[in-house]
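> coordinates only, sequence not included:
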């Protein structure tokens, strides 16, 4: 088994834990380690106690684990979700001055490192985070110049802060080096690969960059976690990529503005979470009847209503599947990691334009806030093309064609007039109440579903495809299931991870029918994918492993759930 | 240009005989023709309601979308292609009721578009319920004891929120309506034109006669039009309610599109662009460590 470590940093919001995380992840990535990081935070601007897990490995990892090898509590007040993950093998690296008695008398290996004391002597207490980052860098044998470069980038605009932080980092690094030589620090480090030069990317960036590669040039949103990370990235890079970004008055405006942009030839996306998406539903229905392309990024979090603002869940599959009144085709993409988030966000724009349908990209807080390593992203893998046409006089926006796709004109491109309507309409977009026209138009719109079914993306199958037990999952639980199965080493179980849940790829029918037993692993309380499988294949799955507590599954949890399922009998 | 250029092949106009919408439609076609704007350059965007059907009855590109949502759609169209002449058209229920929040924020955003609101102070399409501008006391099948709520004052609201162009006119005065619409289209920025209009079927209070007796056409110089305090006084006055351009910002305040980073280097509308794949790839490389 590969050598790997799981480090958890904890601290209050606004206390710079994120600074340590970013510095450390970058430094580790720069030093040839395989790295993955994920965080969970409370819905508050200051205080509380948030945690970040950083996994360091000799192999690629992209899943949350419960195990903690090294805990670094920057502040006191550890929450019980962290306490219960500690055991006698966990090393806690903390400052007794800050933590007081919190770790006294516990069956835990506590190493006192005076972060505050070192900071106070070197650069002032505000630099304690740099001390912590430097101690950790030394422990992971990261060359000091790498840390120095990162600090210089971070404090490029505040030279006096840079000096203080550098001084503190040097002292911290010295302390870490001493610690490393002591026997009490007994962690085996993974072996770095000097040739490994990863791209490090969180989900927000992956969705944003994928969208941009897909030609996205118009972004709207009303701020709502976790959908607003994409808004922030786009706003901060609007000048670089020459795009329109607008924070609007509500999500209703967000979706309608995007529909206006597409109609005029732009490529728009609204980014939101479940509550905002619910407000967009009438606009989604408008996209359906008027056949205006539409892309919505739906970053899921626990509902109903406000739910848990900064937490994660996969409970909006059915919301997106049935969003909007009336019947019309749509596409639901469900990326599971940064690479898929990039690729599917890119593809969303092509499909929205090509088929003139709404395309939804369903991510979740866990995926968006995790930092993934990637070897490469092929930006120019496919040629970019617009799918609108130059219009002629007499142009009919809703011409009935064999495929169901009417050539889409845009305003002022050609000599025709583009007439778009939310009512039932005839081929020229005139309001029409003729029953035959209604039937013909509804059939035309729904016939695009056939094209979408033909284009649907296949699921990712991992493990022995001939195995009797199939573990179905979607989106961000995929990588967790993959690692859990790897741990179990059961040759008779394979993973089927869906990166598109609607329309389903035609291989799903066989994958379901051939399975002796099916278990679905998903982050909601009722088994929405399980229900979708039954709806489309008639199969009642044999098992469900569900998680709806607001925190993502861990590899251990899925592994344990699968082990129990595999040991149990039953099946088709 | 002949306003007949804006006629569309015979369509079944679904308005009641005598409806003020016919007059507004005619004034709008004349205004566009006199400004020599071709139908291919115009996008008429509306929500739902009798007034919102207007785009269907003339030439031009159209989007008839959802009730209350014409303004965000129009803003999106204009921002994606600033070369277009964009009008958002609807009634008082559409623009001031269902779409009220968009009105507030479109005013703040100041996109270069013309917002025509056919204000007949009653709901027509849904058959006679009170609208946000119905007078207190108006009895309807729903407000059976008469309207209790105070009517919304759209022109005062728009001026108070910093709208860059605010006018009011009366549908039967087609010459004034046409001139006001022309000025609104020429104005760079958001322009609200509130158009008093009788509803011959459902509003027996605010009739042609009532509007004639309760309005006054007001001449003003462009300097006077730039005086916001004066505009506010006019907006709050009446009856008789002043008609004409109440406020017109002459400071050259930038429009929404003017501020967009998308057009800083190139003025090309978005449809002429393709993604900067090399730029995206270069950005992605900055995320590489080691």
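Perfect, thanks for sending it. What you are looking at is a predicted structure, and each value in this text was computed from that prediction instead of being measured.
> Contact partners for the nearest residue to residue A:111 once chain neighbours are set aside?
Once flanking residues are discounted, residue A:111 sits nearest to residue A:93: 5.2 Å by CB to CB, 6 or more residues apart in numbering or on different chains. The way it works is simple: take the backbone N, C-alpha and C, and place the C-beta from them, glycine included. Shown in contact with residue A:93 (CB atoms under 8 Å, 6 or more residues apart in numbering or on different chains): A:70, A:71, A:72, A:111, A:113, A:135, A:136.
> Surely residue A:93 is in a helix?
No - with DSSP: H, G, I helix; E, B strand; the rest coil as the criterion, residue A:93 is assigned strand and is not in a helix.
> which residues of the stretch 451-572 of chain A fall in strands?
Using DSSP state E, counting those that start in this stretch, the strands found in the stretch 451-572 of chain A span residues A:460-462, A:469-474, A:493-498, A:500-502, A:517-522, A:543-546.
> For residue A:297, which three-state class applies?
Classification of residue A:297 using three-state DSSP returns strand.
> brain fart, residue B:63
At residue B:63 the chain is in strand, as set by three-state DSSP.
> Contacts only, for it.
Residues in contact with residue B:63 (CB under 8 Å, 6+ apart) are A:259-260, A:263, A:290, A:420-421, B:43-46, B:55, B:73, B:77.
> of all the residues you listed, which comes closest to residue A:152?
Of all the contacts of residue B:63, residue A:152 sits closest to residue A:260, with 44.6 Å by CB to CB.
> Just want the phi and psi numbers for the closest residue to the closest one other than its chain neighbours.
The shortest distance from residue A:260 to any non-neighbouring residue, by CB to CB, 6+ apart, is to residue B:76 (2.5 Å). Main-chain dihedrals, residue B:76, degrees, to the nearest 10: phi -60, psi -40.
> Residue B:76 touches residue A:254, doesn't it?
No - if you go by CB atoms under 8 Å, residue B:76 and residue A:254 don't touch, sitting 9.7 Å apart.
> Spit out the residues that contact the two alike.
Jointly contacting residue B:76 and residue A:254 under the rule CB under 8 Å, 6+ apart are residue A:220.
> Map the structural domains onto the sequence of chain A.
Using automatic domain parsing, the domains assigned to chain A come out as A:4-197, A:201-374, A:388-455, A:460-567.
> Reformat those domains as CSV; add mean pLDDT.
Below are the domains of chain A laid out as CSV (pLDDT from 0 to 100):
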stretch, mean pLDDT
domain A:4-197, 91
domain A:201-374, 98
domain A:388-455, 97
domain A:460-567, 96
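> which of these sits most buried?
Across the domains of chain A, averaging neighbours per residue (mean count of other CB atoms under 10 Å in any protein chain shown) puts domain A:201-374 on top, at a mean of 25.
> Model confidence at the closest residue to chain A within the stretch 51-200 of chain B, what's the number?
Among the residues of the stretch 51-200 of chain B, residue B:76 lies nearest to chain A; the distance is 2.5 Å by CB to the nearest CB. pLDDT recorded at residue B:76 is 98.
> Which single one of the contacts of residue B:63 is nearest to residue A:500?
The nearest member of the contacts of residue B:63 to residue A:500, counting by CB to CB, is residue A:259 at 23.1 Å.
> Mind giving me the packing neighbours of the helix or strand hosting that closest one?
Using DSSP states H and E, residue A:259 sits within helix A:251-263. Counting contacts by 3 or more CB pairs under 8 Å, 6 or more residues apart in numbering or on different chains; DSSP states H and E, helix A:251-263 packs against strand A:218-221, strand A:268-272, helix A:274-279, helix A:281-290, strand A:294-300, strand B:61-64, helix B:70-80, helix B:100-109.
> one more time with 7 Å, if that's ok
Here helix A:251-263 touches strand A:218-221, strand A:268-272, helix A:274-279, helix A:281-290, strand A:294-300, helix B:70-80, going by 3 or more CB pairs under 7 Å, 6 or more residues apart in numbering or on different chains; DSSP states H and E.
> could you say what helices and strands the first one packs with?
Identification of packing neighbours for strand A:218-221 by 3+ CB pairs under 7 Å, 6+ apart yields helix A:228-236, strand A:244-247, helix A:251-263, strand A:268-272.
> residues contacting the residue lying closest to residue A:89 once chain neighbours are set aside?
Closest residue to residue A:89 apart from its sequence neighbours, by CB to CB, 6+ apart: residue A:69 at 7.2 Å. Each residue near residue A:69 by CB atoms under 7 Å, 6 or more residues apart in numbering or on different chains is listed here: A:5, A:6, A:7, A:90, A:91, A:187.
> Please tell me how far residue A:69 sits from residue A:6.
With distances taken as CB to CB, to the nearest Å, residue A:69 is found 5 Å from residue A:6.
> Run through the residues that contact the closest residue to residue A:17 other than its chain neighbours.
Take residue A:17 and drop its neighbours on the chain: the residue closest to it by CB to CB, 6+ apart is residue A:11, 3.7 Å away. Neighbour list for residue A:11: A:17, A:49, A:50, A:73, A:74, A:75 [criterion: CB under 7 Å, 6+ apart].
> picking up where we left off before, would you mind giving the contacts of residue A:93 as JSON lines with secondary structure added?
Shown next, in JSON lines, are those (three-state DSSP):
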{"residue": "A:70", "secondary structure": "strand"}
{"residue": "A:71", "secondary structure": "strand"}
{"residue": "A:72", "secondary structure": "strand"}
{"residue": "A:111", "secondary structure": "strand"}
{"residue": "A:113", "secondary structure": "coil"}
{"residue": "A:135", "secondary structure": "helix"}
{"residue": "A:136", "secondary structure": "helix"}
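> I'd like the residues you listed as JSON lines, with distance to residue A:504 appended.
Shown next, in JSON lines, are those (distance: CB to CB, whole Å):
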{"residue": "A:70", "distance to residue A:504": "43"}
{"residue": "A:71", "distance to residue A:504": "42"}
{"residue": "A:72", "distance to residue A:504": "44"}
{"residue": "A:111", "distance to residue A:504": "52"}
{"residue": "A:113", "distance to residue A:504": "53"}
{"residue": "A:135", "distance to residue A:504": "50"}
{"residue": "A:136", "distance to residue A:504": "45"}
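> Now flag whichever of the residues you listed is closest to chain B.
Nearest to chain B out of those is residue A:136 (CB to the nearest CB; 15.9 Å).
> so who does the residue lying closest to that closest one once chain neighbours are set aside touch?
In space, and not counting its chain neighbours, residue A:136 is closest to residue A:24: 5.7 Å by CB to CB, 6+ apart. Residue A:24 makes contact with A:54, A:133, A:136, according to CB under 7 Å, 6+ apart.
> Residue A:144 and chain B, how far apart?
Noted for residue A:144: a distance of 16 Å to chain B, by CB to the nearest CB, to the nearest Å.
> how about the residues of the stretch 51-200 of chain B near chain A?
Taking CB under 7 Å from any CB of the partner chain as the measure of proximity, the stretch 51-200 of chain B contacts chain A at B:56, B:59-66, B:69, B:72-77, B:79-81, B:83-84, B:101-102, B:105.
> hang on, the earlier thing: could I get the phi/psi values of the residue nearest to residue A:89?
Per-residue torsions, residue A:69: phi -90, psi -40 (degrees, to the nearest 10).
> Using the three-state scheme, assign the most centrally placed residue in chain B.
Geometric centre of chain B, nearest residue: residue B:115, 1.4 Å, by CA atoms, centre = their mean. Assigned by three-state DSSP, the conformation of residue B:115 is strand.
> so what's the backbone phi/psi at the nearest residue to residue A:123 once chain neighbours are set aside?
Ranked by CB to CB, 6+ apart and with sequence neighbours excluded, the top spatial neighbour of residue A:123 is residue A:164, at 3.1 Å. The phi and psi values for residue A:164, taken as degrees, to the nearest 10, are phi -60, psi -40.
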